[in-house]
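> Quick one, what's the 3D model for this:
(one chain, ligands or ions: 1)
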Amino acid sequence: MHACCQHLLSRRALLRWTTLAPAVSLGLMPRAHAATTEALLLSCMDFRLMDDIERYMHARGLREKYDHIVLAGASLGAVTDRFPAWNKTFWDHLGLAIQLHQIERVIVIDHRDCGAYRMIVGEAHASSRASETAAHGVQLRRLREAIGERHRHLAVETLLMSLDGSIEVVG
Ligand SMILES: [Zn+2]
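Numbers count the residues shown, from 1 in each chain. Reported below is the predicted structural model:
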């Protein structure tokens, strides 16, 4: 290669860099380094609560700072013996969230009047508000302990959302 061509080439590379750099800094281009984020959220698939869940996460300052996996029943979907494929999906995605984004926390949001709980645990669990809370507590604790056994460094939050979007800590 002629010296002048090499000069042109490096000049072109420099131009390309100076053109792209502002786009990268504005977040318009993918960054070169792997992104990290704070949390993995596990929620139920129920369509009624998607906006409430997003609102809750945003109110905590976690907008665009969490991975999100959706399983029917949330904690129940991750631990139930009835659907082993769902369990595996949860663990696989938790592993990926750790590997790809170095998450430090798992936030689990179960919800009241959950169809998956009715199907798997049974209708009777929701006969009273107290028994419904207790049923969620059992599954949320199971999942918290299972996560602790596999990934001791992770913090785990176990939450229960009502249909009005309010949240309480359970489990
Ligand atoms: Zn549900």
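> got the residues of the protein near the ion?
Within the chain, the positions adjacent to the ion are Cys44, Asp46, Cys114, Ala116 by Cβ under 5 Å from the ion. Bear in mind the C-beta positions are built from the backbone N, C-alpha and C, glycine included.
> My impression was that Asp110 belongs to a strand - is that right?
Yes. Using DSSP: H, G, I helix; E, B strand; the rest coil, the secondary structure at Asp110 is a strand.
> That one - how many residues pack around it?
Residues within reach of Asp110, counting by other Cβ atoms under 10 Å, total 29.
> next one: Gly171
Gly171: 22 surrounding residues under other Cβ under 10 Å.
> wait, what's in contact with the residue nearest to it when sequence neighbours are not counted?
Excluding the flanking residues, the one nearest Gly171 by Cβ to Cβ, 6 or more residues apart in numbering is Leu140, at 3.1 Å. Residues counted as contacts of Leu140 (Cβ atoms under 8 Å, 6 or more residues apart in numbering) are Ser75, Val108, Asp110, Thr158, Leu160, Val170, Gly171.
> coming back round to it: so which of the residues of the chain next to the ion are in helices?
When DSSP state H defines the helices, the subset of the residues of the chain next to the ion inside them is Ala116.
> from the residues of the chain next to the ion, which single one is nearest Ala135?
Cys114 (9.4 Å; Cβ to Cβ).
> quick check, Glu168 in a helix?
No. Glu168 sits outside any helix when classified using three-state DSSP, being strand.
> Which strand residues bridge it?
Glu168 has these beta-bridge partners by DSSP bridges: Leu160.
> Domain map for this protein?
Using automatic domain parsing, the domain parsing of the chain gives 1-30, 34-169.
> Could you pull out the helices in this protein for me?
3-25, 50-59, 75-79, 84-101, 115-120, 129-150.
> Run the chain-centre distance for the third one.
Relative to the centre of its chain, helix 75-79 is centred 14 Å away, using Cα atoms, centre = their mean, to the nearest Å.
> Just the C-alphas of that helix, formatted as PDB.
Output of helix 75-79 as PDB, limited to C-alpha atoms (Å, rounded to 0.1, in the frame of the first residue of the first chain):
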ATOM      1  CA  SER A  75     -43.100 -17.100  42.000                       C
ATOM      2  CA  LEU A  76     -45.400 -20.100  41.600                       C
ATOM      3  CA  GLY A  77     -44.400 -20.500  37.900                       C
ATOM      4  CA  ALA A  78     -40.700 -20.600  38.900                       C
ATOM      5  CA  VAL A  79     -41.200 -23.300  41.600                       C
END
